[in-house]
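Student: this is a predicted model, with the sequence first.
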Amino acid sequence: MYFSLLFLLTSFFQQDDWVLYHQDKKVEIFFKSHLCDDKKNGFSFEYYLIKVRNRTNETLVLNFFKGNDDNDEQKIAFVLNPNEVREGSCEYDPVKLRLFKSENSQKNNNHVYEFNLSKINVIEVN
């Protein structure tokens with residue numbers, strides 16, 4: 001009984017472990033790996049969810065590229081209100097604060113992509 005409870009508590013706390021990726025005076029950017037399981041359509045993909053925190057009392061515009069490429073399809077830009085926290089999820093979101101990690105299937109040739117953001121730019125809006 002004790003070990004079962006310990007396992008459940010450990011699993012619960014590990015699911016919410018955000019890793020700090022970028023920090024400056026204005027923003028913090030975190031990520032974590034998360035399985036997005038769409039049972040209705042038979043898909044299961046693992047994503048890196050992204051969480052962004054505005055550390056200021058100012059309105060900010062944040063933009064960056066998901067990955068190393070300057071591909072405009074991978075560019076993210078959005079407004080962060082003072083002290084706002086935005087967090088990616090499996091659900092549809094026009095900002096798409098998530099980055100593909102891997103397909104979770106029975107195939108042996110799964111490729112796992114590393115988490116990387118590039119050209120992080122923060123602009124204060126007056």
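Tutor: The structure has been received and is ready for your questions. From a predicted model like this one, the values you see are computed outputs, not experimental measurements. Numbers count the residues shown, from 1 in each chain.
Student: for residue 90, see how far away residue 39 is.
Tutor: According to Cβ to Cβ, to the nearest Å, residue 39 stands 12 Å off from residue 90. Just so you know, the C-beta spots here come from the backbone N, C-alpha and C atoms, and that holds for glycine as well.
Student: buried sites along whichever strand or helix holds residue 49?
Tutor: Using DSSP states H and E, the element containing residue 49 is strand 43-54. For strand 43-54, the neighbour count (16 or more other Cβ atoms under 10 Å) marks 45, 46, 47, 48, 49, 50, 51, 52, 53, 54 as buried.
Student: my guess is the third one meets residue 90, correct?
Tutor: Yes - the pair residue 47 and residue 90 qualifies as a contact (Cβ atoms under 8 Å) at a distance of 7.2 Å.
Student: low-scoring stretches of this protein, by residue?
Tutor: 1-16, 104-110 (pLDDT under 70).
Student: which strands and helices sit next to the strand holding residue 49?
Tutor: When contacts are defined as 3 or more Cβ pairs under 8 Å, 6 or more residues apart in numbering; DSSP states H and E, strand 43-54 packs onto strand 27-38, strand 85-87, strand 98-103.
Student: which residues do residue 47 and residue 90 both contact?
Tutor: By Cβ atoms under 8 Å, 6 or more residues apart in numbering, residue 47 and residue 90 have these common neighbours: 34, 36, 98.
Student: what sits against the first one?
Tutor: By that I understand residue 34. 46, 47, 48, 49, 90, 98.
Student: one more pass at 6 Å, please.
Tutor: 47, 49 (Cβ atoms under 6 Å, 6 or more residues apart in numbering).
Student: just the second one next, same as before
Tutor: Residues in contact with residue 36, defined by Cβ under 6 Å, 6+ apart, are 45, 47, 90.
Student: can I get the residues you listed in TSV with distance to residue 30?
Tutor: Putting the contacts of residue 36 into TSV (distance: Cβ to Cβ, whole Å) gives the following:
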residue	distance to residue 30
45	20
47	14
90	17
